[in-house]
Structures are given as structure tokens and as C-alpha cells.
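In: after the sequence you'll find the predicted model.
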Amino acid sequence: MGKKSKGAVELIALVCTETGLRNYTTTKNRKNHPDKLELMKYCPKLRRHTLHKEGKIK
């Protein structure tokens, strides 16, 4: 069984746009930031910083 939602805060994964790997997980408040999160993060497979976009946690 899944966890109950705690209101506007949800758990998200950051997915590398070049490799498709889910390298990071974080939380996001849907009320304050309704758009998709995009950050430059380090990708260990490529060994450089790449764009990571918000994705779903499986």
C-alpha cells in the first residue's frame, strides 16, 4: 500500500534527459511550483552535469 498524501507536497524523481536514468529524488510543493522542475545536476554515468527534468517515482 502506498503512503497517504501529505497535502500539496509530493515526492518526485529527477530524470537525466540524455541517459534517461533517475539519479535524484526530492520533494516539491505543487501549490507553490505547479510547473515541471528542471535542474542542472551531475550524471554519474556521463561524469558531467546534464539537464535533469521532473519525473514520476516508480
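Out: Noted; the coordinates are in hand. From a predicted model like this one, the values you see are computed outputs, not experimental measurements.

In: got a list of contacts for stretch 26-38?
Out: Stretch 26-38 has contacts (C-beta atoms under 8 Å, 6 or more residues apart in numbering) with 8-12, 14, 51-54. Quick note: C-beta positions are derived from backbone N, CA and C, even for glycine.

In: and that stretch, how far apart are its ends?
Out: Using C-alpha to C-alpha, to the nearest Å, the end-to-end distance of stretch 26-38 comes out at 12 Å.

In: number the chain from 480, please
Out: New numbering, starting at 480: the last item is stretch 505-517.

In: how far does that stretch sit from the chain's center?
Out: 9 Å (C-alpha atoms, centre = their mean, to the nearest Å).

In: sort out which residues of that stretch are buried, please.
Out: By neighbour count on 16 or more other C-beta atoms under 10 Å, the buried set for stretch 505-517 is Lys507.

In: and what of stretch 524-537?
Out: Quick answer for stretch 524-537 (16+ other C-beta under 10 Å): 529, 531, 533-534.

In: mind listing the strands for this structure?
Out: Listed in chain order, the strands of the chain (DSSP state E) span 488-495, 501-508, 517-522, 527-534.
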